[in-house]
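In: Sequence first, then the predicted structure, then my questions.
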Amino acid sequence: MVVKANPEFGIELALVVPYAYHLHTQGKLDSVITSKGMKPFYYFCDDVREDFDFRTIDNSFAGLDELPNNWIHGVNPLEEPAVLNYDEWTPPPYKEHYGVDTGKKSVFVSNKYNLEHGEEPFGFFDIQCLYDMFSYLTSCGYEVIYKRATNKESEFAIDENEVNSIHQGYQDISADVEGIGVISDRDLPKYMEGVTLFDDLVEDNYNETQLKVMANCDHFISVCGGNSILSSYFGGTMISYIHKGKELRPNYFGENSYFRKLSNANVVPVYDVIGKVNTETYHHKVNETGKQDYTRLLEVIKNEIN
């Protein structure tokens with residue numbers, strides 16, 4: 001069989017890759033046709049063609065209607081959110097395939113700064129949050145790897161939200177830091193011992209390096225979306241910061257959620273429901289400040305990673 005799809009990155013990880021790997025385990029997978037940069041995620045297939053140089057947020061156009069699961073939020077998203085049809089769904093063991101024993105304690109932090117279906121970004125970690133996070137983790141003896149793609153990388157395809165983010169100038173998370181001046185989030189690791197910008201580790205293949213680095217981590221902190229889905233593939237603890245979306249629905253991260261079934265990770269959602277961008281809050285406490293409040297996130301990090 002041939003698996004062909006080019007949806008958003010997180011959707012591909014949740015719906016397409018596990019289907020392809022299931023076919024592989026049954027001896028039925030012939031080839032995969034996917035987006036640029038995705039070959040390392042299909043290490044189990046000998047014939048992977050990166051034919052698409054773009055992704056699309058249109059699920060039908062992306063080819064999802066040809067798959068057992070075509071909607072990431074579940075077969076019955078109102079009553080059982082994030083519960084998929086698991087009959088032909090087997091996540092590949094990335095940690096087993098890509099991991100080696102480094103003897104290091106490492107935390108992988110994933111961020112993003114994108115328009116979100118036309119709305120200004122709110123689902124990101126700002127520089128003060130990152131500084132507080134990095135300071136705590138390094139004080140506990142952890143090495144921190146920090147990743148935020150710029151959307152201008154040539155190694156992989158991006159979708160319409162990411163293209164529009166570039167066109168509208170959403171490129172850097174920045175702040176004026178006393179004694180330093182204006183810096184971006186991607187500059188911050190240079191000023192903090194024990195923190196490495198992921199890009200500095202990439203020598204050849206971006207996504208292969210990403211899988212190898214993440215496979216050697218046991219703790220992950222991520223904004224919600226594709227980053228948090230990928231971070232749930234490696235076991236350990238995955239803390240996800242959620243400000244909006246269907247992920248706010250009750251029991252979205254329950255025991256039958258695809259998030260947990262990707263690797264049996266300890267998935268810990270942290271909700272910061274920002275009132276100005278949410279019409280449906282699903283009974284969560286609402287943040288009416290009009291900006292992010294990372295207080296709960298930092299509390300959870302200290303409780304879960306020590």
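Out: Perfect, I can see it now.
In: Surely S184 is in contact with V177?
Out: No. Between S184 and V177 there is no contact under CB atoms under 8 Å: 10.5 Å. Placement of C-beta: from N, CA and C, glycine included.
In: okay, and the common contacts of those two?
Out: Here S184 and V177 have I127 as joint contacts, going by CB atoms under 8 Å, 6 or more residues apart in numbering.
In: Now do the helices in this protein.
Out: In the chain, helices defined by DSSP state H lie at 9-11, 17-25, 94-98, 127-139, 160-167, 206-215, 226-231, 258-261, 295-304, listed in chain order.
In: Relative to L115, which of those helices is closest?
Out: Smallest distance to L115 across the helices of the chain (CB to CB): 4.6 Å, for helix 160-167.
In: got a list of contacts for the closest one?
Out: Taking CB under 8 Å, 6+ apart as the rule, helix 160-167 contacts 55-57, 113-118, 121, 151-152, 171.
In: picking that back up, can you list the helices of the chain in a markdown table and add mean neighbour count, distance to N251 and mean pLDDT?
Out: Output for the helices of the chain, formatted as a markdown table (neighbours: other CB atoms under 10 Å; distance: least, CB to CB, whole Å; pLDDT from 0 to 100):
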| stretch | mean neighbour count | distance to N251 | mean pLDDT |
| --- | --- | --- | --- |
| helix 9-11 | 22 | 20 | 96 |
| helix 17-25 | 21 | 21 | 98 |
| helix 94-98 | 17 | 26 | 97 |
| helix 127-139 | 18 | 27 | 97 |
| helix 160-167 | 17 | 27 | 81 |
| helix 206-215 | 20 | 27 | 97 |
| helix 226-231 | 24 | 17 | 97 |
| helix 258-261 | 20 | 11 | 98 |
| helix 295-304 | 15 | 19 | 98 |
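In: Tabulate these (TSV), appending distance to D51.
Out: Formatted as TSV, those follow (distance: least, CB to CB, whole Å):
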stretch	distance to D51
helix 9-11	16
helix 17-25	15
helix 94-98	23
helix 127-139	36
helix 160-167	18
helix 206-215	16
helix 226-231	20
helix 258-261	26
helix 295-304	39
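In: and of the ones you listed, who's closest to V195?
Out: helix 127-139 (5.0 Å).
In: Which other helices and strands does the closest one contact?
Out: strand 106-110, strand 143-147, strand 174-177, helix 295-304 (3 or more CB pairs under 8 Å, 6 or more residues apart in numbering; DSSP states H and E).
In: what mean pLDDT does the third one have?
Out: Right, the one you point to is strand 174-177. On average, the pLDDT along strand 174-177 is 94.
In: I'd like the distance from it to the chain centre, please.
Out: Centre-to-centre, strand 174-177 and its host chain are 25 Å apart (CA atoms, centre = their mean, to the nearest Å).
In: Which of the residues in it are classified as buried?
Out: Across strand 174-177, burial judged by 16 or more other CB atoms under 10 Å covers A175.
In: swap in stretch 263-277?
Out: Quick answer for stretch 263-277 (16+ other CB under 10 Å): S263, A265, V267, V268, P269, V270, Y271, D272, V273, I274.
In: and Y170, how far is that from D293?
Out: Distance of Y170 to D293, computed by CB to CB, to the nearest Å: 21 Å.
In: Between those two, point out the one with more neighbours.
Out: Per other CB atoms under 10 Å, whichever of Y170 and D293 has more neighbours is Y170, with 18 against 14.
In: and the more buried one, backbone torsions?
Out: Reported as degrees, to the nearest 10, the phi and psi values for Y170 are phi -90, psi 90.
In: Show the contacting residues for it.
Out: Y113, N114, L115, E120, P121.
In: can you pull the contacts of the fourth one?
Out: E120 makes contact with Y170 under the criterion CB under 8 Å, 6+ apart.
In: quick one, phi/psi of it?
Out: The phi/psi pair for E120 (degrees, to the nearest 10) reads phi -60, psi 150.
In: Distance of D159 relative to V268?
Out: According to CB to CB, D159 stands 27 Å off from V268.
In: how far away is the residue lying closest to M38 once chain neighbours are set aside from V202?
Out: Nearest non-adjacent residue to M38, counting by CB to CB, 6 or more residues apart in numbering: E50, 6.2 Å away. For E50, the distance to V202 equals 17 Å [CB to CB].
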